[in-house]
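Peer 1: show me how the following folds:
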Amino acid sequence: MTRKFLCLLALLLALVSLSTTGLAQSPEELKFREKQSDQLHHYAAAAAKSGFPQVARRVWLMLLSEYTTDHPEARAALGYLRVGNSWSLDPKFVYPKTDTPDPKAAKRLQDEWLAAADKLAKAHLKMAQDYEKAGRTDMARWHFEKVIFYTPDDEAAKTALEHKPVAGLSGTDLEQTLYERSKKLENAVVEESKKTYPVEERPATETHPFLEKAKVKYATVQSEHFTIRGDFELDLLKEAAVNAERALRVVTLAYEGQTGFALDPKRWLTDWAYFKDKQTYVQVLNANADLMKPADLKFLVEQSAGCNLSGGAQAIAIAAADNEQGILDASVRSVAQWSSNFSSAALREGIGHTFVGLFFNNNRRFIVDRQQMMRSTTGAEDYEKYSPNMDIWRELALESAWKITEGTSAALLPLITADKFPDDARIKSWSFCDYVIRRDPALLLSLDRQKDAGNVVGVEKQFTAANNGLSIAQLEKEWKDFWTEASPVLKAIRDNAEPLSAVSPDAKKWLEAFNKARLAQGATAVTWSASYSTRCKEHIEYLKANPAERGALGEQREDGALGGGSHLGNLFAQMALVSTNAGKPKDVFDAWMHWPGYRDALINERLITIGLYADGPFLVIDAIRGVGRPPEGKGGMKAWPNALKESVPTEVKVADLGPEVAAFLAQNGHGDKQVIGYPLSLHHFGTGGVPGVKSSYRCQVTINNTPVEGLVHIADGGSNRRGSAPGMVVFYPLEPLKKGREVDAVWTLENDEGVVRIATKFNT
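Peer 2: Numbers count the residues shown, from 1 in each chain. Predicted coordinates:
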């Protein structure tokens with residue numbers, strides 16, 4: 001494929017366009033756009049008919065946003081009904097999300113787009129040149145930008161737009177700034193992730209009065225700038241402190257040369273306490289009720305996961321961090337929020353999400369407990385809004401960008417309070433901060449300072465006056481350009497693969513086999529997504545290029561120093577399902593049942609959609625993004641194994657379970673184990689973590705009334721899928737089980753309703 005061809009295909013699914021809101025449109029212009037709309041609709045309808053509804057959806061959204069708002073066929077395809085002179089979304093309509101893993105259809109769509117793009121580019125070029133001759137530089141620029149969208153290498157358009165060389169491509173001065181700052185930030189995160197900083201355990205006498213008052217157990221560690229307390233393992237508290245030090249260096253680089261930011265941690269609250277359970281967090285709040293108003297206490301108890309407590313000369317930040325990923329998230333987020341010096345809730349959340357996304361590609365913590373909101377929603381597609389995965393958030397940001405007049409305005413962000421923070425505003429606050437931090441972070445500080453304006457109009461007026469005429473409307477346009485990848489340079493910054501290229505010849509075969517394996521375990525069949533499959537393909541390319549990267553460690557990571565490796569690729573690989581020796585599908589999936597984290601994907605009743613790419617002996621599956629609502633009557637916790645009809649092996653090799661399981665055994669005095677008994681697992685699925693009191697989880701295993709010694713591992717926050725999965729707890733017998741025996745296992749745990757008991761039986 002030529003470079004031009006690849007750029008076109010990639011840009012298709014980014015749907016680059018520039019807003020022309022406010023530009024006068026002549027009858028000729030309206031007629032022109034209607035004609036292009038029909039051509040785009042023809043392609044979108046063909047994509048939908050060919051089994052790629054998400055490709056079609058983005059084309060239709062672009063059509064309505066940039067060409068013809070009232071296009072009846074596009075509106076109908078997206079579920080809109082005409083109500084008088086306006087359109088209203090049919091509340092019963094659910095847009096199809098299932099892609100068909102048909103490589104021939106994907107190739108045909110790629111070819112059809114190439115032909116359509118060429119026609120569209122020529123049409124826009126003629127209009128641009130006509131407008132240029134007529135002195136309508138505003139409209140000429142818009143059409144030249146569309147030419148660049150459809151044909152990125154068009155010399156006439158590049159000249160008209162005053163492009164200059166940027167990273168081997170061509171772009172504007174602003175795009176050069178965005179590219180250089182983006183790479184500087186991303187490289188800083190990668191470099192810092194390789195560094196460590198000294199952290200020491202503090203003596204038990206170094207206590208905090210607010211925690212002592214609550215009578216909770218905790219340890220304390222201290223780095224150069226931060227004090228971290230909590231009931232997590234000591235090594236994890238130290239790792240959180242190291243991540244805080246790393247984040248401090250990254251934000252210092254991000255705000256370099258700027259004034260108004262708080263880069264000296266001596267100005268912050270740097271004493272932080274993180275707890276595994278929400279119950280412990282609430283215990284601390286209730287014990288210190290005298291520090292706040294009753295209404296504030298009620299809100300914090302019911303809807304928050306973190307807050308600051310202060311009284312007299314004492315202060316501490318406390319949070320329910322939930323798991324390993326949660327405490328690491330929290331340490332980076334706290335640095336991002338304190339250093340920003342923002343006072344408005346939405347922008348503080350947005351900047352926190354931005355830096356956590358750069359570090360981990362996941363968001364685990366929120367000012368407001370989103371699980372409360374999730375339980376009150378009924379929409380069939382709402383589950384995507386509750387995923388912590390940043391790839392999902394990028395999809396939501398893209399859709400938000402195409403619906404700029406319907407979503408949250410950037411001018412509203414400084415006015416939003418923590419108790420009234422809808423999901424649309426959360427996505428906007430993060431995506432807007434993510435963009436502007438690459439452009440000029442001082443603009444975010446300026447926007448935050450306008451919160452006292454009282455209304456959107458006042459915010460817009462004051463912001464423009466404070467920034468030499470730069471309007472929020474202009475920043476909104478730039479934000480839209482960024483998320484819709486409106487130029488080759490912006491596309492290079494986002495570095496997204498093109499979904500139609502992620503359709504492997506054997507995808508259908510492996511999808512059918514995966515569903516067969518799930519049905520055998522009582523789980524429902526899943527659908528397939530081309531966009532979810534792009535990272536699967538990229539990881540396979542990495543593994544093919546690096547044959548030494550094999551086994552439980554090498555397959556679940558990407559080393560940026562090796563060919564094809566990247567920071568985002570590494571974060572994806574940690575939770576992917578991977579095989580580098582994929583022979584018969586049944587053999588692969590049977591083997592996966594013996595690794596608790598992989599097993600989770602095969603029995604997960606909440607899993608709706610997967611990404612999957614297969615190439616010869618390589619198979620990679622994304623079973624993280626597509627977790628949503630379970631079928632009716634399903635989706636509760638599930639223990640495995642729990643059937644007498646089939647037997648399970650008596651033992652597993654520790655090396656096959658991965659380095660995190662080996663480390664867990666070592667932490668508990670069993671680092672010499674090379675083989676242990678067959679692991680038992682309890683699965684809560686979803687993305688809400690392990691519910692209840694984590695320290696209460698027990699698993700009593702007996703064979704002929706003889707107890708089996710073992711360890712319970714809260715395994716939902718790790719970074720190696722073989723031994724970790726969202727909402728999973730594992731019991732590891734310390735010795736191989738006896739063969740040919742009936743095994744009884746009883747799981748118990750405590751939650752708000754009391755003690756829960758799950759009894760199981762199986763054979764070895």
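
Peer 1: and the helix ranked longest in the chain, what does it pack against?
Peer 2: When the chain is parsed with DSSP state H, its longest helix is helix 103-133. Identification of packing neighbours for helix 103-133 by 3 or more C-beta pairs under 8 Å, 6 or more residues apart in numbering; DSSP states H and E yields helix 3-14, helix 27-49, helix 137-150, helix 155-160. For glycine as for every other residue, the C-beta is placed from the backbone atoms N, C-alpha and C.

Peer 1: please save the CA atoms from the helix or strand harbouring Y732 in CSV.
Peer 2: Using DSSP states H and E, Y732 maps to strand 728-733. What follows is strand 728-733, C-alpha atoms only, in CSV (Å, rounded to 0.1, in the frame of the first residue of the first chain):
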residue,chain,number,x,y,z
MET,A,728,-11.3,-11.4,40.6
VAL,A,729,-10.2,-13.2,43.8
VAL,A,730,-8.1,-16.4,43.7
PHE,A,731,-7.3,-19.2,46.1
TYR,A,732,-3.9,-20.8,45.5
PRO,A,733,-3.4,-24.2,47.2
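
Peer 1: show me what that strand is in contact with.
Peer 2: Strand 728-733 has contacts (C-beta atoms under 8 Å, 6 or more residues apart in numbering) with 596-597, 600, 661, 664-665, 676-684, 690, 697, 699, 701, 708-716, 723, 745, 747.

Peer 1: among these, which ones are buried?
Peer 2: With burial judged by 16 or more other C-beta atoms under 10 Å, the buried subset of those is 596-597, 600, 661, 664-665, 676-684, 690, 697, 699, 701, 708, 710-716, 723, 745, 747.

Peer 1: which ones among the residues you listed map onto strands?
Peer 2: Members of those lying in strands (criterion: DSSP state E): 676-677, 680-683, 697, 699, 701, 710-714, 745, 747.

Peer 1: and those, which two are the farthest apart?
Peer 2: Across those, the longest distance by C-beta to C-beta is 19.6 Å; it joins I676 and H683.

Peer 1: before we move on, the earlier item: go through the helices and strands packed on helix 103-133 and name the closest to T270.
Peer 2: Closest to T270 of the helices and strands packed on helix 103-133 is helix 3-14 (C-beta to C-beta; 40.4 Å).

Peer 1: tell me the average confidence for that closest one?
Peer 2: Taken as a whole, helix 3-14 has an average pLDDT of 38.

Peer 1: R249 - how many residues pack around it?
Peer 2: Neighbour count of R249, defined by other C-beta atoms under 10 Å: 16.

Peer 1: buried ones in whatever helix or strand it lives in?
Peer 2: Assessed by DSSP H and E, R249 sits inside helix 234-254. For helix 234-254, a neighbour-count test (16+ other C-beta under 10 Å) marks 236-251, 253-254 as buried.

Peer 1: next secondary structure after that helix?
Peer 2: Counting by DSSP H and E, the next helix or strand C-terminal to helix 234-254 is strand 271-275.

Peer 1: partner strands of that next one, with direction?
Peer 2: In the sheet, strand 271-275 lines up against strand 227-230 (parallel), strand 314-320 (parallel) (DSSP bridges).

Peer 1: next secondary structure after the longest one?
Peer 2: Sequence-wise, the next helix or strand downstream of strand 314-320 (DSSP H and E) is helix 324-340.

Peer 1: so can I have JSON lines of the helices and strands packed on helix 103-133 showing mean neighbour count and distance to A486?
Peer 2: Below are the helices and strands packed on helix 103-133 laid out as JSON lines (neighbours: other C-beta atoms under 10 Å; distance: least, C-beta to C-beta, whole Å):
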{"stretch": "helix 3-14", "mean neighbour count": "20", "distance to A486": "8"}
{"stretch": "helix 27-49", "mean neighbour count": "17", "distance to A486": "16"}
{"stretch": "helix 137-150", "mean neighbour count": "22", "distance to A486": "7"}
{"stretch": "helix 155-160", "mean neighbour count": "16", "distance to A486": "13"}
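
Peer 1: to L577, which of these lies closest?
Peer 2: For these, the distance to L577 is smallest for helix 3-14, at 24.3 Å, taking C-beta to C-beta.

Peer 1: give me the distance between the nearest residue to K509 once chain neighbours are set aside and V503.
Peer 2: Excluding the flanking residues, the one nearest K509 by C-beta to C-beta, 6 or more residues apart in numbering is P585, at 7.2 Å. Applying C-beta to C-beta, to the nearest Å, the value for P585 to V503 is 18 Å.

Peer 1: the two: which is more packed in?
Peer 2: Counted by other C-beta under 10 Å, P585 and V503 do not tie: V503 has more neighbours, with 27 against 20.

Peer 1: what sits against the closest residue to that one other than its chain neighbours?
Peer 2: Of all residues not flanking V503 in the chain, A106 sits nearest, at 4.1 Å (C-beta to C-beta, 6+ apart). A106 sits next to F52, L500, S501, V503, A530 when contact means C-beta under 8 Å, 6+ apart.

Peer 1: correct me if wrong: the second one contacts Q54.
Peer 2: No. If you go by C-beta atoms under 8 Å, L500 and Q54 don't touch, sitting 10.1 Å apart.

Peer 1: common neighbours of those two, please.
Peer 2: Jointly contacting L500 and Q54 under the rule C-beta under 8 Å, 6+ apart are A530.

Peer 1: more crowded one of those two?
Peer 2: Under the criterion of other C-beta under 10 Å, the comparison of L500 against Q54 puts L500 first, with 25 against 21.

Peer 1: for that one, helix, strand, or coil?
Peer 2: helix (DSSP: H, G, I helix; E, B strand; the rest coil).

Peer 1: state the number of residues packed around Q283.
Peer 2: Q283 has 16 neighbouring residues, counting by other C-beta under 10 Å.

Peer 1: where do the strands of the stretch 551-700 of the chain begin and end?
Peer 2: With strands called from DSSP state E, counting those that start in this stretch, the stretch 551-700 of the chain shows them at 577-579, 609-615, 618-622, 638-640, 651-653, 675-677, 680-683, 693-703.

Peer 1: OK, contacts around the nearest residue to F482 once chain neighbours are set aside?
Peer 2: Ranked by C-beta to C-beta, 6+ apart and with sequence neighbours excluded, the top spatial neighbour of F482 is Y435, at 4.7 Å. Applying C-beta under 8 Å, 6+ apart to Y435 gives the contacts E478, W479, F482, W483.

Peer 1: for the third one, which three-state class applies?
Peer 2: Read it as F482. With three-state DSSP as the basis, F482 sits in helix.

Peer 1: one more: the second one?
Peer 2: Secondary structure assignment for W479 (three-state DSSP): helix.

Peer 1: grab the nearest non-local neighbour of it.
Peer 2: That would be Y435: by C-beta to C-beta, 6+ apart, it lies 4.8 Å from W479.

Peer 1: do the same with the last one
Peer 2: Excluding the flanking residues, the one nearest W483 by C-beta to C-beta, 6+ apart is A401, at 4.2 Å.

Peer 1: can you check T417 too?
Peer 2: The shortest distance from T417 to any non-neighbouring residue, by C-beta to C-beta, 6+ apart, is to A345 (5.7 Å).

Peer 1: please work out how many residues are found near that neighbour.
Peer 2: With other C-beta under 10 Å as criterion, A345 counts 22.

Peer 1: quick one, the strand holding Y732 and strand 693-703 angle?
Peer 2: 40 degrees (axes from the mean of the first three to the mean of the last three C-alpha atoms, to 10 degrees).
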